[in-house]
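Trainee: generate a structure from the sequence data that follows.
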Amino acid sequence: MLHAVVAPGRGVTGSNLSSADWPAGEPADVSASFEDVPAIIWAFEGPEHRILAANRAARSSVGNRPNVIGRPVREAVPELAGQQIFELVDWVYAHDTTVSGMEMRVLVDRDGDGHVEGAFFNYSFVPTHRGDGTTRGLLIHVTETSEQVARRRHAEERATESEQRYQAAQDVVLTLQRSLLPDSLPLLPGLRLAAHYRVAGDELAAGGDWFDAIPFPDGRVALMVGDVVGHGAAASAAMGQLRAVALQALLSGAGPGDTLARLDAFAARVPGARAATAMLAVLDPATGGVLYAGHGHTPPLLLGADGATRFLPVTPAGPLGTGTRSPALREDVIAPGELLLLYSDGLVERPSRSLQHGLDELATVASAALLGPLPAESTVPDATVERVCDLVVERLGWAAEAYRDDVTLLAAQRPFAAPPEFDLEVQADAAGFRDAGRELLGWMHDLEVGADDRVALAHAVGEAVTNVVEHAYPGGEAGPLAGTVRLHGSLDEQGTAHVVIADRGRWRPPPPDPGGRGRAPPAHRRSHRCHPPGQCGRAPAA
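Mentor: Residues are numbered from 1 along each chain as shown. Down below sits the predicted model:
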């Protein structure tokens with residue numbers, strides 16, 4: 001970088017001087033070299049930044065406009081005003097400090113036609129000094145980077161587009177995955193359920209595992225976990241087919257043996273489903289009896305309330321569709337407080353160790369998850385079945401070789417006691433309405449009702465109670481129970497919540513304009529709009 005510029009023709013020639021007098025070289029050579037430097041170089045003098053010198057690239061960068069030498073830069077290149085360039089030059093001169101930067105966007109008249117265009121430059125503003133050390137001016141060194149910036153931005157745009165396409169593909173696969181798996185588990189009075197599903201980390205968000213929990217009309221519940229070979233979109237598609245076959249069989253009344261036989265026959269005909277594994281257990285929450293069998297699948301783990309563990313014995317049988325014999329059904333009993341864990345092999349298999357080692361580790365981790373202390377401030381779920389599910393998958397994933405395959409864990413616990421019913425009688429007024437809502441939310445919280453269902457049920461009950469408050473007692477009623485509304489909630493064996501709202505008011509025929517604004521939403525959420533008179537109290541007339 002040049003810190004002094006010597007222009008020829010100042011009454012000094014190099015012919016009668018030695019090289020020691022001109023350490024930078026002959027003035028003509030220095031001048032020619034300065035002209036040929038590909039970077040833009042300007043030399044300014046004084047606080048007005050009068051242009052002392054400008055090489056060919058500098059002059060070309062402003063359209064080779066005439067008479068720039070000797071003029072203040074603000075006059076020579078006025079279009080730079082308002083771009084903070086003059087202010088930066090002033091600051092460097094005043095503070096005698098070098099400033100450098102990259103990719104400054106500058107609007108400049110490059111063709112001399114009066115129209116500015118944008119370009120990007122890397123720059124260095126370097127103070128120059130007189131012999132006494134005072135600041136003389138500035139040396140401006142600039143290199144244009146417009147092409148590099150354009151290429152980089154184009155590459156970034158392409159990368160962004162690629163990322164967006166990848167994300168779109170991932171979203172499609174994730175949507176497919178979610179549509180093929182249950183979006184929630186049933187809420188049952190005699191069974192607590194939880195599931196954890198994790199796709200192998202090096203693939204798109206789709207896997208070949210599946211799980212299901214299907215309540216039967218007689219109160220029994222079918223629990224199932226399956227695993228298709230591989231992971232990704234193809235495995236997810238095969239998984240969806242197998243799950244559909246199992247659902248159709250179970251919902252049509254087929255037992256566990258017949259359901260597994262249908263899966264086996266289907267897998268033998270569909271290449272993507274061949275060699276999949278499955279474990280099916282049908283549990284009676286009332287007695288704890290469980291009937292189970294599996295095709296090539298890992299054995300269920302039973303976790304006692306005291307932390308004791310045992311794997312349920314299984315009859316050996318090969319994977320689905322491989323022509324092996326059908327597995328014999330086994331029976332066992334789950335005591336109150338015990339948890340039954342069904343899982344895919346991705347939870348316990350690792351390349352460098354035996355399957356038995358993984359099973360032993362699962363039992364140890366599950367026991368610790370059940371019995372381990374919880375801090376007062378914890379993100380771990382309060383419900384035992386959810387806590388065990390989350391901690392088992394989380395802690396087994398800490399291993400160095402963890403989760404090369406999809407992971408599924410389905411847990412079911414027989415509670416020590418059935419969930420309480422909800423029974424409340426409050427005054428049919430605004431205060432009673434608030435009391436009813438608060439108690440209802442508490443009951444749903446104890447049942448661990450999902451967020452969407454909480455909102456739907458609270459809205460339906462709220463509308464019905466509001467109708468009682470507004471319409472059940474138009475003229476007042478005598479007696480200690482006058483002007484009250486009673487709510488009774490229960491959970492049936494299918495996991496359906498029933499809330500009965502009754503009052504002791506008088507039945508009235510509906511007016512010509514019954515209104516109904518507010519009745520439609522709860523009507524969609526209830527099997528009956530109201531109880532007829534003479535049964536569970538009188539429904540409010542609206």
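
Trainee: from here on, contacts and neighbour counts on C-alpha atoms
Mentor: Noted.

Trainee: if I look at L185, how far off is R243?
Mentor: 15 Å (CA to CA, to the nearest Å).

Trainee: neighbour count winner among those two?
Mentor: Comparing L185 with R243 by other CA atoms under 10 Å, the one with more neighbours is R243, at 21 against 17.

Trainee: kindly check the end-to-end length of stretch 83-103 for me.
Mentor: 14 Å.

Trainee: which residues touch it?
Mentor: The contact list for stretch 83-103 (CA atoms under 8 Å, 6 or more residues apart in numbering) reads 47, 74, 80, 106-107, 120-127, 135, 137-138, 145, 149.

Trainee: give me the mean pLDDT for it.
Mentor: The average pLDDT within stretch 83-103 is 94.

Trainee: ok, the nearest residue to F44 once chain neighbours are set aside - contacts?
Mentor: Nearest non-adjacent residue to F44, counting by CA to CA, 6 or more residues apart in numbering: I51, 4.6 Å away. By CA under 8 Å, 6+ apart, the contact list for I51 reads 42-45, 68-73.

Trainee: what do you get if the cut-off is 10 Å, keeping everything else the same?
Mentor: By CA atoms under 10 Å, 6 or more residues apart in numbering, the residues touching I51 are 42-45, 68-74, 76, 137-138.

Trainee: in helices, which of those appear?
Mentor: Judged by DSSP state H, the contacts of I51 include 73-74, 76 as members of helices.

Trainee: thought A369 was touching A383?
Mentor: No: using CA atoms under 10 Å as the test, A369 is too far from A383 to be in contact (11.9 Å).

Trainee: returning to what we had before: just the buried residues from the contacts of stretch 83-103, in PyMOL please.
Mentor: The PyMOL command for the buried members of the contacts of stretch 83-103 (criterion: 16 or more other CA atoms under 10 Å) is given here:
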select buried, resi 74+80+106+107+120+121+122+123+124+125+126+127+135+137+138+145
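
Trainee: so which of the contacts of stretch 83-103 sit within helices?
Mentor: 74, 149.

Trainee: still on that earlier bit, the residue nearest to F44 is in what secondary structure piece?
Mentor: For I51, the enclosing helix or strand under DSSP states H and E is strand 50-54.

Trainee: got the buried residues for the very next helix or strand once past that strand?
Mentor: Sequence order places helix 56-61 as the next helix or strand after strand 50-54, per DSSP H and E. By neighbour count on 16+ other CA under 10 Å, the buried set for helix 56-61 is 56-59, 61.

Trainee: picking up where we left off before, from the contacts of I51, list the buried ones, please.
Mentor: Here, 16+ other CA under 10 Å leaves 42-45, 68-69, 71-74, 76, 137-138 buried among those.

Trainee: between these, which is closest to R153?
Mentor: Closest approach between the buried ones among the contacts of I51 and R153, by CA to CA: W42, at 28.9 Å.

Trainee: what pairs with that closest one across the strands?
Mentor: Note on W42: beta-bridge partners A54, I140, judged by DSSP bridges.

Trainee: can you give me the neighbour number for P351?
Mentor: 9.

Trainee: can you give me the distance of it to V380?
Mentor: 30 Å.

Trainee: what does P78 give?
Mentor: From P78 to V380 the distance is 66 Å (CA to CA).

Trainee: identify the residues contacting V380.
Mentor: Counted by CA under 10 Å, 6+ apart, V380 has contacts 374, 386-388, 390-391.

Trainee: if we go to 8 Å?
Mentor: 374, 387, 390-391.

Trainee: quick check: PyMOL command selecting the buried ones in those.
Mentor: To isolate the buried members of the contacts of V380 in PyMOL, using 16+ other CA under 10 Å:
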select buried, resi 387+390+391
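
Trainee: so what strands line up beside the lengthiest strand in the chain?
Mentor: Determined from DSSP state E, the single longest strand within the chain is strand 117-129. Here strand 117-129 is paired, per DSSP bridges, with strand 99-108 (antiparallel), strand 135-144 (antiparallel).

Trainee: show me where the stretch 251-400 of the chain dips below the pLDDT cut-off.
Mentor: Along the stretch 251-400 of the chain, segments meeting pLDDT under 70 span 375-378, 399-400.

Trainee: now the host helix or strand of A268: buried residues?
Mentor: Following DSSP H and E, one finds A268 within helix 256-269. If you call a residue buried by 16+ other CA under 10 Å, then helix 256-269 has these buried ones: 256-257, 259-264, 266-268.

Trainee: out of the residues you listed, who's nearest G318?
Mentor: G318 lies nearest to D264 out of these, by CA to CA, at 10.0 Å.

Trainee: gap between that closest one and G226?
Mentor: 12 Å.

Trainee: re earlier: just flag the most distant two among the buried residues of helix 256-269.
Mentor: Across the buried residues of helix 256-269 (CA to CA), the longest gap, 18.5 Å, separates P256 and A268.

Trainee: what's the angle from the host helix or strand of F86 to strand 135-144?
Mentor: Using DSSP H and E, F86 sits within helix 85-95. On the basis of axes from the mean of the first three to the mean of the last three CA atoms, to 10 degrees, helix 85-95 is oriented at 140 degrees to strand 135-144.

Trainee: picking up where we left off before, what is the most widely separated pair among the contacts of V380?
Mentor: Greatest spatial distance among the contacts of V380 (CA to CA): L374 and D390, at 13.5 Å.

Trainee: many thanks, we can stop here.
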